[in-house]
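Trainee: build me a model:
(2 chains, ligands or ions: 2)
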Amino acid sequence: MHTKIQIRLNGKMQTLTVPPFRLLLDLLRDEIGLTGTKEGCGTGDCGACTVLLNGKPVNSCLVLSGELEGADIVTIEGLKIGPYLHPVQQAFVQEGGAQCGYCTPGILMMTKALLDENINPTEEEIRFALSGNLCRCTGYAKIIQAVQTAAAELRRSYEEFPSSQRRGGCATNKMPRSH
Amino acid sequence: MKRPEPFEVFQPASVPEAREFFRKNGPGGHFLAGGTDLVIAIKEKGLVPRYVVDLKKIPSLSGIRESCDGSLTIGALTTMREIETSSVIRKKYPFLAQSAAEVGSIQIRNRATIGGNMANATPSADVAPALLVLNAKVKISRSGGEKIVLLEEFFIGPGKTIMEPGDILTEIVIPPTPPDFRGEYIKFSPREMMDLAYVGVAVGVVVDGSRKICRDVRIALGAVSPTPIRARKAEPLMLNQGITPSLAERVGEEASNECKPISDVRSSAAYRKEMVRVNTKRALLNAAAGYVENLSWTARRDRRY
Ligand code: FES
Ligand code: FES
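Mentor: Residues are numbered from 1 along each chain as shown, chains lettered A, B, ... in the order given. Ligands and ions are numbered 1, 2, ... in the order given. Sure thing, here's the model as predicted:
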């Protein structure tokens, strides 16, 4: 039982033949070999499996491959810009925003989605955006700090190179401001 | 975590096509909206669909439309996140946008749909009380035509609605409200996020501007009965009266008598009843005070206590 789907994965068009009942999480990890995306709970509670689907953060453990025809998917492996870490990744390294690292890919994808929409979030907005991402190690203080550092760095680079803002995310990557 | 057993996924392009497909393929099929309930039922509750009909490629099922008479139509496949962030809904019914924002996480709300949430008829669904005080109706596409019913008559039990196999919920329709209608939704839950409501209370009031008299009162309760309900006995107590703390207290007591909560892992029935009393009173007083702004979650939390 297989179905053919065409998707854009981390910027590259791909045609895949997949079982339609396969979870997007398993498709990424087991069939494509992108193991950066993690499974914590498998039930939409922890956010470790967060990827961007058509620009929006979703739990890949709850998405079926049979729904993906025409989808644009960005995973943690697609965050790097050429050989360089994305400012969000850089900030987590700098601020010590990861300990065991298991929640980190999901948190980075959620942070990317937040900053694509809101380049100057308050701490309250950061906490609201990250409420679906559980971390059992850090106590969140350094994660919040890292998001703030990433936001500051992005603001700085957009000021310096205004055209880079347009390259920051894909066109569908608009997430309305949270409240 | 268990993985799904094999099944086919179909993506019809229209509602008639979806229904026809379902009819031809017979029992064992499931319609798929956002998947945040269906996939969990497959993984956790041992549901084994024979096939799945994904409704997400049907354009007519999504979007929010305001008609010139002031009514609002929300396509069944509209996501919770779209409702939370819709400028029309945030302006007209901020408490409805807020109730959608109370569901799960942003990741969940980017998938979960309002139609799927209603069709699954969870007693604690956050948007249900908000929709009930708006006198919302649901439109169902079924063989032999369309059926429109009040949401209040749509739910019949936990996980049960009047829908029959093969029916598709297509739209939620909110009839026009008077210009001075004010709503409030309080989700009572010890965690601010990522939890189900222990108790959900929505109220809608129309207060006569000059004399501060209540011309219309609607109260709806979630998570405290087999279905989300209207507190039909409590509502009239406030009709044509001013909203005072002592009257709000009495209305809260009546609402608490009306509900039939269960005890479960989240809370005892007695505690739920007590929280209905307290939060109905709070919601009425908040609505009367006119908190129409979309408040941040911390402000919302602070004004609850
Ligand atoms: S693994 Fe998907 S949310 Fe936890
Ligand atoms: S760093 Fe270990 S779970 Fe977050």
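
Trainee: next up, the contacts around the residue nearest to A:G47 when sequence neighbours are not counted.
Mentor: Excluding its sequence neighbours, the residue lying closest to A:G47 (C-beta to C-beta, 6 or more residues apart in numbering or on different chains) is A:N133, at 3.5 Å. No exception for glycine: its C-beta is placed from N, CA and C like everyone else's. By C-beta atoms under 8 Å, 6 or more residues apart in numbering or on different chains, A:N133 lies in contact with A:46-48, A:50, A:103, A:106-107, A:110, B:105.

Trainee: kindly state the pLDDT recorded for A:N133?
Mentor: pLDDT, A:N133: 98.

Trainee: how much space between it and ligand 2?
Mentor: With distances taken as C-beta to the nearest ligand atom, to the nearest Å, A:N133 is found 9 Å from ligand 2.

Trainee: and what of A:L52?
Mentor: With C-beta to the nearest ligand atom as the criterion, A:L52 and ligand 2 are 20 Å apart.

Trainee: what of B:A112?
Mentor: Computed as C-beta to the nearest ligand atom, the B:A112 to ligand 2 distance reads 25 Å.

Trainee: number of residues surrounding that residue?
Mentor: Residues contacting B:A112 under the criterion other C-beta atoms under 10 Å in any protein chain shown number 26.

Trainee: same question for B:S60.
Mentor: 13.

Trainee: doesn't it belong to a strand?
Mentor: No: B:S60: not assigned to a strand; according to DSSP: H, G, I helix; E, B strand; the rest coil it is helix.

Trainee: average pLDDT across stretch B:40-56?
Mentor: Stretch B:40-56 shows a mean pLDDT of 97.

Trainee: so how far is that stretch from its chain's centroid?
Mentor: Relative to its chain's centre, stretch B:40-56 lies at 22 Å (C-alpha atoms, centre = their mean, to the nearest Å).

Trainee: in that stretch, which residues are buried?
Mentor: For stretch B:40-56, the buried set under the neighbour-count rule, 16 or more other C-beta atoms under 10 Å in any protein chain shown, comprises B:40-43, B:49, B:51-56.

Trainee: over to stretch B:276-294?
Mentor: Using 16+ other C-beta under 10 Å as the test for burial, stretch B:276-294 gives B:276-288, B:291, B:294.

Trainee: tell me if stretch B:33-49 is near ligand 1.
Mentor: No: Stretch B:33-49 does not reach ligand 1 (C-beta under 6 Å from any ligand atom); its nearest approach is 10.2 Å.

Trainee: what helix or strand does the residue most central in space within chain B sit in?
Mentor: Note on chain B: the residue nearest the mean C-alpha position is B:A128, at 1.9 Å, using C-alpha atoms, centre = their mean. Element membership of B:A128 [criterion: DSSP states H and E] is helix B:127-133.

Trainee: any idea which residue sits dead centre in chain A?
Mentor: Note: chain A centre (C-alpha atoms, centre = their mean) maps to A:M109, 1.8 Å.

Trainee: phi first, then psi, for B:I156.
Mentor: Reported as degrees, to the nearest 10, the phi and psi values for B:I156 are phi -120, psi -10.

Trainee: just checking, it touches B:P228?
Mentor: No: with contact defined as C-beta atoms under 8 Å, B:I156 does not reach B:P228; the gap is 11.6 Å.

Trainee: all strands for the chain, in order.
Mentor: Picked chain A for this. Ranges of strands within chain A are A:3-9, A:12-18, A:50-53, A:56-59, A:72-74, based on DSSP state E.

Trainee: wait, chain B was what I had in mind.
Mentor: Secondary structure of chain B (DSSP E): strands at B:8-10, B:29-32, B:51-54, B:64-66, B:72-75, B:137-142, B:145-150, B:155-157, B:160-161, B:168-174, B:181-188, B:199-208, B:213-222, B:229-230.

Trainee: the fifth one pairs with which strands, and in what direction?
Mentor: Its sheet considered, strand B:72-75 pairs with strand B:64-66 (antiparallel), strand B:168-174 (antiparallel) by DSSP bridges.

Trainee: next, the buried residues of the longest helix along chain A.
Mentor: Secondary structure of chain A read by DSSP state H shows that its longest helix is helix A:141-160. Residues A:142-151, A:153-154 are the ones in helix A:141-160 that count as buried (16+ other C-beta under 10 Å).

Trainee: how long is stretch B:69-77 end to end?
Mentor: 23 Å (C-alpha to C-alpha, to the nearest Å).

Trainee: related to what we said a few turns ago, which of the strands paired with strand B:72-75 sits most buried?
Mentor: strand B:168-174 (a mean of 22; mean count of other C-beta atoms under 10 Å in any protein chain shown).

Trainee: list the contacts of the residue in the stretch 51-200 of chain B positioned nearest to chain A.
Mentor: In the stretch 51-200 of chain B, the residue that lies nearest chain A is B:S105 (2.1 Å; C-beta to the nearest C-beta). Neighbour list for B:S105: A:44, A:47, A:131-133, B:193-194 [criterion: C-beta under 8 Å, 6+ apart].
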